[in-house]
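Participant: Could you work out the structure for the sequence below:
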Amino acid sequence: MATTTAPAPLSRSGSVLRPVILHGLLFILLMVVATGLAALLTAVFHGFDAQQVSTEHLAMAWAFSLVGIPLAWLLWRSIRKRLAHPTAFDSAIWSLQASAAYLATLAASSCAALAVLSGLVAPSIQGAWQPTLGTALGWGAVCAWQHHQIVAARTAPRQFAHLAAAVGNYFSMVLVALSLVATLKAALEILVRPDNTLAGPTGMRHLLVAVIWLAGATGLWFWHWKLRRVQKMSDPFNDILLIALGLAAPALALLLSGAKLFSWAWPQAWTAQERAGLFLAGGPELLAIVVAAAVIWIYHQLQLRSGLRSTSIVNAARLVLGGIGLAVLATGLGMVVNALFAAIAASVTVEYSAGLLGHGLGLLILGAAVWVAYFKPFKPSPADSRSVYLVLFFGASSVVALISLLVLGYRIFEYYLGSETRLDSLLDTVRAPLGWLVATAAVAGYHFVLWRADKQSKAEASGVSAVAHSSVTRRAVIIVGPAASEPMAAQLVARPELSVTWVASAGPALDDRAEVSVLARIEEYLDCESGPLLAIANDDGTVQFTDLA
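Facilitator: Purely as a prediction, here's the structure:
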């Protein structure tokens, strides 16, 4: 008996490990094949010139190609047989492996292809074209094969079916955002420094290169978003990527860049020349980030409100954006407190405290605007929709407050136990952790109060619903008796768990003794039975009972 049951755990573990190992080996072989094809094509484009292609490079190219391709094909044939009737675990592993290989090959081939195209405009910047073109074609071939297997009816993943399209779409979106930043930055630099850019060797070339990358990335994103219908896909992973990369990341970039610009515009002890120098040095890049982030953020916000996503996803995105605004707000509050303490400290310059105050105010104002717009603190909200949000923020802010308190205590003891020749004051030593402590304690306290209020309102609502539920499910009691004797049922009507209905019958009223007898018999029966009932009162004080369904 023991020998027949012992291998069961081993067989289960083997059925789990085997697809993991097979798909892991296939992923590695696909990367080897792509590398080998890229190296081999590079050697072909160089004409196998010994001065351009070393012996080691050529040996690696042949080995990776001639060994990797047959092994990958044999392994894929074995995996494809299992995919004919896959288990849920096999299909999930295949989807993860296919998506990872698709993302890696798509990123390498698309970036290399765009580099080749931009090299036509600025060859001196891009360098030799042979390795770049070889990478684009070699990795592109593996990417095309991987995409064909993903969309084929026989081998398409059944678990996480839209994962590959989703990761390709959001990689393309990130590439669009970065290319848009580069394009806007180059254009703004031309506007603010036309004498140095138009006559220079690289000004317009940088702009043309950025435009080529933007056009290519936009085409790649359009292919995923529209043609592969990622726009209409609604699954948990795609929704998470939409919220994280389409909304949260550009919102955070916009807030941080906008706060930096605000700190430069904030009135400080700078001359007009110094302020202009700051804007010329870093202003184009920050403005480009603000504009690009606003475009990505607004577009995906409109997509979220187009009706293609469920209400729960819309609420989750609203809370995430409100949380980002609150985090930026708290950071700005901590910097403002730090700047106020720095203004009091004697060892800190006025320029430093003014710059810190301007940056903190920028974060505070922009973060507060986003938090109010999305979290809506002055508008009543259902307790269930934000309970997790409140708990998470209360916990996170409490942890940061605790760390700030520990750092504060450490700084205080370090100050008094340290050397007496130190030049800074106690306030200057503790102002940074003190600012963090004030900000995070305020955030933690606010969320704790709001969580308690929501918990109390939820308890009251559940109590009201319980009372309403009990009123609906009260026990039905139907009494048939003379109409003149109906007042005797007043004691039963007063009981909250009963729903008493009096049905008048013909005949004279019951005498006092009969009424007492009927009432006692009904109460005795109610104590013994639990269901609804029909009670027929007789003239002699007896009662006939019938249980109702």
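
Participant: Stretch 27-41: which residues count as buried?
Facilitator: Neighbour-count burial for stretch 27-41 flags 27, 29-41 (criterion: 16 or more other C-beta atoms under 10 Å). C-beta: built from backbone N, CA, C; applies to glycine.

Participant: which outside residues touch it?
Facilitator: 57-58, 60-65, 68-69, 71-72, 75, 97, 100-101, 104-105, 108, 131, 133-135, 137-139, 141-142, 146 (C-beta atoms under 8 Å, 6 or more residues apart in numbering).

Participant: Tell me how far that stretch lies from the chain's centre.
Facilitator: In terms of C-alpha atoms, centre = their mean, to the nearest Å, the centre of stretch 27-41 is found 34 Å from the chain centre.

Participant: Kindly report the same for stretch 220-230.
Facilitator: Distance, centroid of stretch 220-230 to centroid of chain: 21 Å (C-alpha atoms, centre = their mean).

Participant: Endpoint to endpoint, that stretch covers what distance?
Facilitator: 12 Å (C-alpha to C-alpha, to the nearest Å).

Participant: State the mean pLDDT of it.
Facilitator: The average pLDDT within stretch 220-230 is 91.

Participant: Likewise for stretch 304-324?
Facilitator: Stretch 304-324 comes out at a mean pLDDT of 84.

Participant: Can you show me the strands along this structure?
Facilitator: Along the chain, counting by DSSP state E, strands occupy 475-482, 498-505, 533-537, 543-547.

Participant: Next, the buried residues of the last one.
Facilitator: Taking 16+ other C-beta under 10 Å as the neighbour-count basis, strand 543-547 is seen to contain the buried residues residue 543.

Participant: what are the pairing partners of it, and which direction each?
Facilitator: According to DSSP bridges, strand 543-547 forms sheet pairs with strand 533-537 (antiparallel).

Participant: Tell me how far the partner strand lies from the chain's centre.
Facilitator: Put simply, strand 533-537 sits 62 Å off its chain's centre (C-alpha atoms, centre = their mean).

Participant: give the contact list for the residue nearest to residue 437 when sequence neighbours are not counted.
Facilitator: Excluding its sequence neighbours, the residue lying closest to residue 437 (C-beta to C-beta, 6 or more residues apart in numbering) is residue 404, at 4.0 Å. Residues near residue 404 by C-beta under 8 Å, 6+ apart: 433, 434, 436, 437, 440.

Participant: Residue 509 now?
Facilitator: Contacts of residue 509 by C-beta under 8 Å, 6+ apart are 482, 483, 484, 485.

Participant: Now render the contacts of residue 404 as JSON lines, adding distance to residue 317 and neighbour count.
Facilitator: Compiled in JSON lines, these are given as follows (distance: C-beta to C-beta, whole Å; neighbours: other C-beta atoms under 10 Å):
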{"residue": "433", "distance to residue 317": "33", "neighbour count": "21"}
{"residue": "434", "distance to residue 317": "35", "neighbour count": "20"}
{"residue": "436", "distance to residue 317": "28", "neighbour count": "24"}
{"residue": "437", "distance to residue 317": "31", "neighbour count": "22"}
{"residue": "440", "distance to residue 317": "25", "neighbour count": "24"}
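
Participant: which one of the residues you listed sits closest to residue 246?
Facilitator: Checking the contacts of residue 404 against residue 246 with C-beta to C-beta, the nearest one is residue 440 at 28.6 Å.

Participant: Quick one: low-confidence residue ranges for the stretch 251-400 of the chain.
Facilitator: Counting by pLDDT under 70, the stretch 251-400 of the chain shows low-confidence ranges at 267-278, 345-351, 380-386.

Participant: Count the residues that sit near residue 427.
Facilitator: 16 (other C-beta atoms under 10 Å).

Participant: What remains of the contacts of residue 509 if I keep only buried residues?
Facilitator: Buried among the contacts of residue 509 by 16+ other C-beta under 10 Å: 482, 485.

Participant: Just put the contacts of residue 509 in JSON lines and tack on distance to residue 240 and pLDDT.
Facilitator: JSON lines is the format used below for the contacts of residue 509 (distance: C-beta to C-beta, whole Å; pLDDT from 0 to 100):
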{"residue": "482", "distance to residue 240": "71", "pLDDT": "83"}
{"residue": "483", "distance to residue 240": "68", "pLDDT": "74"}
{"residue": "484", "distance to residue 240": "72", "pLDDT": "73"}
{"residue": "485", "distance to residue 240": "69", "pLDDT": "77"}
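
Participant: Could you export the contacts of residue 509 as JSON lines, including distance to residue 156?
Facilitator: Listed next are the contacts of residue 509 as JSON lines, based on distance: C-beta to C-beta, whole Å:
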{"residue": "482", "distance to residue 156": "78"}
{"residue": "483", "distance to residue 156": "76"}
{"residue": "484", "distance to residue 156": "80"}
{"residue": "485", "distance to residue 156": "77"}
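
Participant: what's the farthest-apart pair in the contacts of residue 509?
Facilitator: Most distant of the contacts of residue 509, by C-beta to C-beta, are 483 and 485, 7.4 Å apart.

Participant: Go through the contacts of residue 509 and say which is closest to residue 290.
Facilitator: Out of the contacts of residue 509, the member with the shortest distance to residue 290 (by C-beta to C-beta) is residue 483, at 82.2 Å.

Participant: Just give the nearest non-adjacent residue to the closest one, would you?
Facilitator: residue 504 (3.7 Å).

Participant: That neighbour against residue 489, yeah?
Facilitator: No: Residue 504 lies out of contact with residue 489 (C-beta atoms under 8 Å); the separation is 11.6 Å.

Participant: Could you check which of these two is surrounded by more residues?
Facilitator: A count of neighbours by other C-beta under 10 Å puts residue 489 above the other of residue 504 and residue 489, at 22 against 13.

Participant: dump the residue contacts of the closest residue to residue 393 other than its chain neighbours.
Facilitator: Nearest non-adjacent residue to residue 393, counting by C-beta to C-beta, 6+ apart: residue 447, 4.9 Å away. Residue 447 makes contact with 390, 393, 394, 397, according to C-beta under 8 Å, 6+ apart.

Participant: count of residues packed around the first one?
Facilitator: Neighbour count of residue 390, defined by other C-beta under 10 Å: 21.

Participant: Chain neighbours aside, what residue packs nearest to it?
Facilitator: Counting by C-beta to C-beta, 6+ apart, the residue nearest residue 390 is residue 451, at 4.3 Å.

Participant: who are the neighbours in contact with that neighbour?
Facilitator: With the criterion set at C-beta under 8 Å, 6+ apart, residue 451 makes contact with 387, 390, 391, 394.

Participant: Among these, find the one with the greatest number of neighbours, please.
Facilitator: residue 390 (21 neighbours).

Participant: so that one makes contact with residue 450?
Facilitator: Yes: with contacts counted by C-beta under 8 Å, residue 390 reaches residue 450, the gap being 5.8 Å.
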